[in-house]
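Trainee: can you look at this prediction? I've put the sequence above it.
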Amino acid sequence: MKSLVVVFFSMLFVSSLQAETFNWGELKKERIDLKLPLLTIQGEKGLLACGYVNASTCDKTNEACAIVTGVNSHDEMLAKPIVALSKEAAKLGVSLGMTGKQALAILR
């Protein structure tokens, strides 16, 4: 049990450290509070979003969009892997499995 507590607090520290060192710059963060939050981070070239957003819909509008799931905050979106993306995001160099932080470096 003690080791689980240590792991948990280590994860919290790493997560908060990652968020502190990330340069949000001109990125626009949006949050809509539903049963689970609807989260987006918009850059000049595209959007990083939670699972509420559908990459297929973004294909229809030719928007660059990458999706992460299982997140409750913008900071958590940085570490999660991309699980879906639009064709435009792929053209820019975003790929499945890269982190939200890596995708945002492209979508800025």
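Mentor: Great, that's in hand.

Trainee: looking at this, L48 is in a strand?
Mentor: Yes: counting by DSSP: H, G, I helix; E, B strand; the rest coil, L48 is part of a strand.

Trainee: nearest residue to it in space, please, no chain neighbours.
Mentor: Leaving aside its chain neighbours, L48 sits nearest to I41 (4.5 Å; criterion: CB to CB, 6 or more residues apart in numbering). For the C-beta atoms, the positions are set from N, CA and C on the backbone; glycine is no exception.

Trainee: and what of L47?
Mentor: Counting by CB to CB, 6+ apart, the residue nearest L47 is C65, at 4.7 Å.

Trainee: you'd agree the one you found is up against A90?
Mentor: No: using CB atoms under 8 Å, C65 is not in contact with A90; the gap is 10.3 Å.

Trainee: looking at these two, which is more packed in?
Mentor: Higher neighbour count among C65 and A90: C65, with 27 against 14, using other CB atoms under 10 Å.

Trainee: cool, thanks, signing off.
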